[in-house]
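# Fold the following, please.
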Amino acid sequence: MERTIDHVAFGGLDLDTLRDAAADVGLTPTYGGEHGTGTTHMAIVPFPDGSYLELIAPTPGTKPSEAGFWPDHLAADAGPAAWCLDVPDVHASAKAAIDAGVVINGPHEASRERPDGRLVEWDMCFEGDDQRLPFLIRDRTPRSYRVRRTSDSTIQGIQTVVVATEDREATADFFARRHRYPTPIEANGPFPHFSVVPGTPVALCETADGWLADRVSSVGEGPCAFLLGVSDIEQASESLALAPENHYDDRRMAWFDHELFHRRLGVVERV
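Numbering: from 1, shown residues only. All right, here's what the predicted structure looks like:
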């Protein structure tokens, strides 16, 4: 299974609010159009490695609870909603999930019409009863229709997805059963009860009480934060609005300095 991230979805109630917040911290979102369901639309922040941050919200007039993608997360203005891996064959991956005893939703055909009128099409499959596992995607149209790489070198790409779980051991077993991910390693991180899964883009944090427990109670287990990879925190802070440094294992990290992104979207130095 591919272990690099295709993209991550950061959801909220209003797309303009998400885009304005991203612009305020130095990111450059581009409107990507409306999804084929007609209930959500999105904006893209692309990165040089080909991955991207998707900002997603209900279309005007759509109730968040009726959104075609992650309605609970959009209704709760929850931010991190899901993460995605690109696979060679969605149908084969769906069969592998079934063989591993994982419940699937899909494969589905999906689409989005860009502002220039070009139709973007892909196949996708969701796995599991919650959002801990990535959903899988394969383009039917050229990937360049969906996203174009950027030459901006401040952020190289999506580095880490932090998954909030009620039981780290059970979630680690879940990842091993489905994707053969290795045993997590305890680490010093921005959340309590924190561990990294070596060789993968995944970190785990375990809820006890407080806002993380409230989040899981509201939208279920799944990603609670996304970290974008940079080469150097000081250099990144020259063009990005960052809060004071924190620790991520043996590296430095920082949250974006905006209320909408605090403890939900940040940067981390790449190894």
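# List the buried residues of the one helix or strand residue 176 maps to.
Assigned by DSSP states H and E, residue 176 falls within helix 168-179. For helix 168-179, the neighbour count (16 or more other C-beta atoms under 10 Å) marks 168, 171-172, 174-175, 178-179 as buried. Using the backbone N, CA and C atoms, a C-beta is placed for each residue, glycine as well.
# quick one: average confidence on it?
Per-residue pLDDT over helix 168-179 has a mean of 97.
# Show me what the helix or strand bottoming out on mean pLDDT in the chain is in contact with.
Sorting the helices and strands of the chain by mean pLDDT, DSSP states H and E puts strand 246-248 at the bottom, at a mean of 89. The contact list for strand 246-248 (C-beta atoms under 8 Å, 6 or more residues apart in numbering) reads 160, 187-190, 203, 227, 252-255, 266, 268-269.
# could I get those as TSV with secondary structure and neighbour count?
Shown next, in TSV, are the contacts of strand 246-248 (DSSP: H, G, I helix; E, B strand; the rest coil; neighbours: other C-beta atoms under 10 Å):
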residue	secondary structure	neighbour count
160	strand	27
187	coil	16
188	coil	11
189	coil	23
190	coil	19
203	strand	26
227	strand	25
252	strand	17
253	strand	23
254	strand	23
255	strand	21
266	strand	27
268	strand	24
269	strand	20
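# between the residues you listed, which is closest to residue 211?
residue 190 (12.7 Å; C-beta to C-beta).
# Nearest spatial neighbour of the closest one, chain-adjacent residues omitted?
Distances taken as C-beta to C-beta, 6 or more residues apart in numbering place residue 246 nearest to residue 190, at 5.0 Å, with adjacent residues excluded.
# Neighbours of that neighbour, how many?
Other residues within reach of residue 246, judged by other C-beta atoms under 10 Å, total 16.
# Keeping just the C-alphas, turn the helix holding residue 176 into CSV.
This file holds the C-alpha atoms of helix 168-179, laid out as CSV (Å, rounded to 0.1, in the frame of the first residue of the first chain):
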residue,chain,number,x,y,z
ARG,A,168,-4.3,3.6,20.5
GLU,A,169,-3.5,-0.1,20.7
ALA,A,170,-6.8,-1.1,19.0
THR,A,171,-6.3,1.5,16.3
ALA,A,172,-2.7,0.4,15.7
ASP,A,173,-4.0,-3.2,15.3
PHE,A,174,-6.6,-1.8,12.8
PHE,A,175,-3.9,-0.1,10.7
ALA,A,176,-1.7,-3.2,10.8
ARG,A,177,-4.5,-5.5,9.7
ARG,A,178,-5.6,-3.3,6.8
HIS,A,179,-2.4,-1.6,5.6
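# List the contacts of residue 13.
Residue 13 neighbours (C-beta under 8 Å, 6+ apart): 57-58, 64, 74-75, 77.
# before we move on, what about residue 168?
Residue 168 neighbours (C-beta under 8 Å, 6+ apart): 184, 193, 195, 204-206.
# ditto for residue 112
Taking C-beta under 8 Å, 6+ apart, one finds 32-36, 42, 119-120, 146 in contact with residue 112.
# Quickly run through the sheet partners of whatever helix or strand residue 10 lives in, with directions.
Using DSSP H and E, residue 10 falls within strand 7-11. With DSSP bridges as the test, strand 7-11 is paired with strand 52-58 (parallel), strand 79-86 (antiparallel).
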